[in-house]
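1. Sequence and predicted structure below; questions after.
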Amino acid sequence: MTTLADKPQTAVKKRPGALAETGSPLLRPPAAAHLSDEQVAELGRELDAIKDEILAKRGADDAAYIRRMIKIQRGLEISGRAALLVSKNKAAWVTGTSLLSLAKILENMELGHNILHGQWDWMRDPDIHSTTWEWDFVTPARSWQHTHNDLHHRWTNVVGKDNDIGYNLLRMDPQQEWKPFNLGNPLYNALLAPVFEWGIAVYDLELVEYREGKKSKEALVKDLKALGRKALKQFTKDYAATPAVAMLTGSGKQALYGTLTANAIRNVWAHAVIFCGHFPDGTDTFTEEMVDGETRGDWYVRQMIGSANISGSKFMHLMTGNLSHQIEHHLFPDLPSNRYAEVAPKVQDICRRYGLPYTTGPLLKQVGSTWGKIFKLALPPKKA
Amino acid sequence: MIRLRKLARAASLLTTPLAPEDILSLFNPVFSARQLRGVVTRVVPETADSATIFFRPGRGWQAHRAGQWARIGVELNGVRHWRSYSLSAPAGEDPAITVTDMGAVSATLVRTTKPGDVLFLAPPQGDFVLPEHPRPLLMLTAGSGITPVMSMIRTLVPRRPDADVVLIHTARTPADAIFREELAELADQFPNFKVTHWFSGERGRLDFGSAAELDLLCPDWRDRAAYACGPAGFLDDAEALWESEAAADPSRTALESTVPAATLTIERFSTSLAGGEGHDGGLVTFEASDREVEADGATTLLDVGEDAGVLMPSGCRMGICHSCLTPLRAGQVRDLRTGEVHGEPGQLIQTCVSAAAGPVNLDL
C-alpha cells in the first residue's frame, strides 16, 4: 500500500489505514523502544498473516453464529418484555428485568458494537450490515460509528487525538493537564455509569469540536436532530409504550421500574467493560510524536500495548461482546468477534517473543485498577 | 391493509430500533422489513444438471409475466450471492425457477436446495415476453435457454386454441434436454404446437450460417415472430441470419410492408467483458461505506465492492437491467464490453460492466 501516497489523488479523499510498511515514527513508545524498524515490520507481517488465516476460514459457521446470537437476543428481548407486562407478580418482575437486561447487554455488545464495526459486512446481508444496523442504545449508530470507528480506533490512546481517554469528562491520563474540576473524577464516574448510554450520546455530539470550530453548526444541528429522533423512540419504547401496555394488567409502574432497572444494569455493565479496555494499569498512552510516521507494524504495537483484556469464562466473553479480547479487537476491529478467542493465544505469543506487554486480568481486578487510576488522577500531579 | 399498517406502526413503538417484521421473522422466515424472501416449497430434478425450484414469495412480490426473470440471492459459505434466473412457471401460477448447474451459485441451487430453505428475491422483470397480439411464433432455444420460453409455452399453448408455436430446441444429448417429456406431451395434445429437438452431440451445431437448415425445420420461419434464448454464439448467429434476411428482402421491413416484419427478440444470459484487459485500474473509494480498495482494470466495480463487503445493488450482472446503477462522485470508468472510458461527476454508472480507469469514487 506504500505506493498509494505517490499517486495523484486529487479527486479522491484520502482514507486512514494506508500506513507505510517500513520506516519508523519520530519516537517509538517506551514499551517498544527496544525493537528495531525491521523487527516492528516483521511483527506487522506476522499479525497480517494471523488475519489472513482467519479470513480464509471465515464462512458458513460464522454466519450461523451471528444469526444464532440474533435469534437468542430477540428471544430474550420479547420474553423479557412479555414478563414485564405482568410484573405486578414479583417473580415476573425479576424474570422480566433479568431477561431484558441480558437482551440489552447482548444487543449492545455482541451484536451492535460488532456489527457496526463491519465485522459481518462480508456476508452481504443487508439485515446484518454496518450501514443498516441500528441499536438499542440512545446514540444513533451513525454518530457512534464516527467517534468510535473513525476516531477512537484510528487514534487509540493518543493523548490529544483520542477523546475516548476520559470522554471529555474524566482525567484518565497523567499527560492531561490537571484542573480543579478533576477533583470530582470519582464522583463523575460513579454518576456516569448508570446513565452511560446518555453520556455516550452527548459525547458523540462532539460539543468540544464544535466549540473549537472543528465541527460546523450544520453538522451539529444534524446530529442533534438525529439524536432527538432516536432518543424519543428509545424513551417511548421503554418508559411509555411498555408501561402503557403493562397497565392493562395493573403492572404499569412495575414495568417502568423494570425497564429503568434493565437499562441501568446494561449501562453499568457496558461502562465497566469499556473502561477495562484501555484504562487498567499496564496500558500505555501515546504522544502525537509517536504516531508521526507510524508504520503498519507500529500501529499494531500501539493497539496491543494501549489495550487490555479481561480473562474469564466463555459466558463472560459473550456478555462483553468479546471486548474482553480488547487487544485482538483493536488489532483486527473488523474480524468477526467469535474469532477473537482463537486469535488471542497467537497474539499473546507474539507479545512474548517481541518483549511487549500483554495486559490481561479478571474483571474485578481490572475494574479496581481503573477506579484506582480515576481516584489517583483526581489529584494534581506531585511536584518533583 | 391500512389497519395492518397502523398496527405495525403501533407495534414498532415496542420493537424499535427493530421493525415488527424482525420479531415475526423468528417464527416465519419470509417476514423481513428490508428484503423480499421466499420459502422453497418443492424441488424437482429435471436433468442430471438441472432442477426446478418452486417457492412461496413473501409480501412485495409481483406476479410474473411469461418469459421474465428474477434476481435470486443465495448464500454460499455464509456470503450472499445474487444471480438472475428465468422463471419457468406459467404466468398466473406460483413462481418457479429452473436452474442448470453452470457455476458455484447455480450448483448450490441445483444440488443443495431443499423445501423450507429461504431464497432472497427481487420482483420479476424483463421484456422478453409474449407479443401483445396473437401471432405465429418461432422459438429458438439452446441448453438452459429453454427456461423463459418454457414459461411462454406453458402460458400460451394450453390456454389459447389459436396459438401457433414452433419450438426448435438444441441440446447436446437427449438426456440434457430439459422439459423433453412435457414438451412431447404438449405437442401430442395440441396440434398447433410443434417441437423439434436438435441434438448437437449427434448432428453437430445447428447452423445459422445460411437459412438452409432453418428452411427445412420450419419452412415458414420468415412469417413468424421469433424468440431466441441461449449462449452468446447461438444468439449472435441467429441475429446475423435475421439481419441478412432483412437486408436481402427490403420489402419486408416494417415501414414498407403491411406484412409484419420477421422480428427476432433475444434474451441474453451473458456478455463478453474483455474490454478492460491489459488496462490499469485504480483506487476505488466507496464513499458512504467508507471503504477503499485497489482494483485492477479488468474487474468489475460490482465485484470489487462485493469483495470489500459493500452492499452493492446488482441485477443481471451483464449490463442490461440497470439494477446496479450507482452515482459516480469522481473519476472515470471503463466499460468492459466496449473498452470505452467515460464518467463525469453525478453520472449513474453500471457497476456490473464497469471497471476503474484510474481512481474512482462511488456514492455507495
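-> Yes, it's here. Residues are numbered from 1 along each chain as shown, chains lettered A, B, ... in the order given.

2. residues touching A:Ile72, list them.
-> Contacts for A:Ile72 (Cβ atoms under 8 Å, 6 or more residues apart in numbering or on different chains) come out as A:Leu106. Quick note: C-beta positions are derived from backbone N, CA and C, even for glycine.

3. ok so it is a helix residue?
-> Yes - A:Ile72 sits within a helix when classified using DSSP: H, G, I helix; E, B strand; the rest coil.

4. Where do the helices of chain B begin and end?
-> B:2-15, B:20-24, B:104-112, B:146-156, B:180-189, B:200-203, B:212-217, B:232-248, B:301-307 (DSSP state H).

5. Please identify which of the ones you listed is closest to B:Ala89.
-> helix B:146-156 (6.2 Å; Cβ to Cβ).

6. Kindly format the C-alpha coordinates of the closest one as PDB.
-> C-alpha atoms of helix B:146-156 as PDB (Å, rounded to 0.1, in the frame of the first residue of the first chain):
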ATOM      1  CA  ILE B 146     -35.400 -23.100 -22.900                       C
ATOM      2  CA  THR B 147     -36.300 -21.800 -19.400                       C
ATOM      3  CA  PRO B 148     -38.100 -18.500 -20.200                       C
ATOM      4  CA  VAL B 149     -39.500 -20.000 -23.400                       C
ATOM      5  CA  MET B 150     -41.000 -22.900 -21.400                       C
ATOM      6  CA  SER B 151     -42.900 -20.300 -19.300                       C
ATOM      7  CA  MET B 152     -44.200 -18.800 -22.500                       C
ATOM      8  CA  ILE B 153     -45.200 -22.200 -24.000                       C
ATOM      9  CA  ARG B 154     -46.900 -23.300 -20.800                       C
ATOM     10  CA  THR B 155     -48.800 -20.000 -20.600                       C
ATOM     11  CA  LEU B 156     -49.800 -19.900 -24.200                       C
END
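
7. what's the distance between it and the middle of its chain?
-> Its chain's average C-alpha position is 14 Å from that of helix B:146-156, according to Cα atoms, centre = their mean, to the nearest Å.

8. ditto for stretch A:212-222
-> Taking Cα atoms, centre = their mean, one finds the center of stretch A:212-222 at 24 Å from the center of the full chain.

9. Contacts for that stretch, please.
-> Identification of contacts with stretch A:212-222 by Cβ under 8 Å, 6+ apart yields A:205-207, A:209-210.

10. buried ones in it?
-> When neighbours are counted by 16 or more other Cβ atoms under 10 Å in any protein chain shown, the buried residues of stretch A:212-222 are found to be A:Lys215.

11. just to revisit the earlier point, now the helices of chain B as a markdown table including mean neighbour count, distance to chain A and mean pLDDT?
-> Output for the helices of chain B, formatted as a markdown table (neighbours: other Cβ atoms under 10 Å in any protein chain shown; distance: least, Cβ to the nearest Cβ, whole Å; pLDDT from 0 to 100):
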| stretch | mean neighbour count | distance to chain A | mean pLDDT |
| --- | --- | --- | --- |
| helix B:2-15 | 13 | 4 | 87 |
| helix B:20-24 | 18 | 6 | 91 |
| helix B:104-112 | 17 | 11 | 95 |
| helix B:146-156 | 26 | 26 | 97 |
| helix B:180-189 | 14 | 36 | 97 |
| helix B:200-203 | 12 | 37 | 94 |
| helix B:212-217 | 14 | 44 | 94 |
| helix B:232-248 | 15 | 28 | 90 |
| helix B:301-307 | 22 | 6 | 93 |
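
12. Low-confidence stretches in the stretch 201-350 of chain B?
-> Counting by pLDDT under 70, the stretch 201-350 of chain B has low-confidence residues at B:250-262, B:270-271, B:276.

13. let's go with 50 and repeat that
-> For the stretch 201-350 of chain B, the stretches with pLDDT under 50 are B:254-260.

14. Strands of that one, start to end?
-> With strands called from DSSP state E, counting those that start in this stretch, the stretch 201-350 of chain B shows them at B:225-230, B:264-268, B:282-286, B:291-295, B:325-335, B:341-342, B:348-350.

15. can you redo those as TSV with distance to A:Arg74?
-> Shown next, in TSV, are these (distance: least, Cβ to Cβ, whole Å):
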stretch	distance to A:Arg74
strand B:225-230	44
strand B:264-268	42
strand B:282-286	30
strand B:291-295	29
strand B:325-335	33
strand B:341-342	47
strand B:348-350	37
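
16. between those, which one is nearest to chain A?
-> Proximity to chain A (Cβ to the nearest Cβ) singles out strand B:325-335 among the strands of the stretch 201-350 of chain B, at 3.5 Å.

17. Please state the offset of the closest one from the chain centre?
-> Relative to its parent chain, strand B:325-335 has a centroid offset of 24 Å by Cα atoms, centre = their mean.

18. Also stretch B:327-339?
-> The chain centroid and the centroid of stretch B:327-339 are separated by 23 Å under Cα atoms, centre = their mean.

19. Could you show which parts of the stretch 151-300 of chain B are in contact with chain A?
-> B:283, B:285, B:287-290, B:292, B:294 (Cβ under 8 Å from any Cβ of the partner chain).

20. about what we covered before: would JSON lines of the strands of the stretch 201-350 of chain B with mean neighbour count be doable?
-> Converted to JSON lines, these look like this (neighbours: other Cβ atoms under 10 Å in any protein chain shown):
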{"stretch": "strand B:225-230", "mean neighbour count": "24"}
{"stretch": "strand B:264-268", "mean neighbour count": "19"}
{"stretch": "strand B:282-286", "mean neighbour count": "24"}
{"stretch": "strand B:291-295", "mean neighbour count": "20"}
{"stretch": "strand B:325-335", "mean neighbour count": "21"}
{"stretch": "strand B:341-342", "mean neighbour count": "15"}
{"stretch": "strand B:348-350", "mean neighbour count": "20"}
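
21. Could you pull out the strands in the stretch 201-350 of chain A for me?
-> Secondary structure of the stretch 201-350 of chain A by DSSP E, counting those that start in this stretch: the strands cover A:308-311.

22. Would you mind listing what in it touches chain B?
-> So far as Cβ under 8 Å from any Cβ goes, the stretch 201-350 of chain A lies against chain B at A:230, A:233-234, A:236-237, A:240-242, A:245.

23. who wins for neighbours among these?
-> Greatest neighbour count in those, by other Cβ atoms under 10 Å in any protein chain shown, goes to A:Thr242: 24 neighbours.

24. Spatially, what comes nearest to the residue nearest to the spatial centre of chain A if we skip its sequence neighbours?
-> Residue closest to the average C-alpha location in chain A (Cα atoms, centre = their mean): A:Ile274, at 5.9 Å. Distances taken as Cβ to Cβ, 6 or more residues apart in numbering or on different chains place A:Leu323 nearest to A:Ile274, at 7.1 Å, with adjacent residues excluded.
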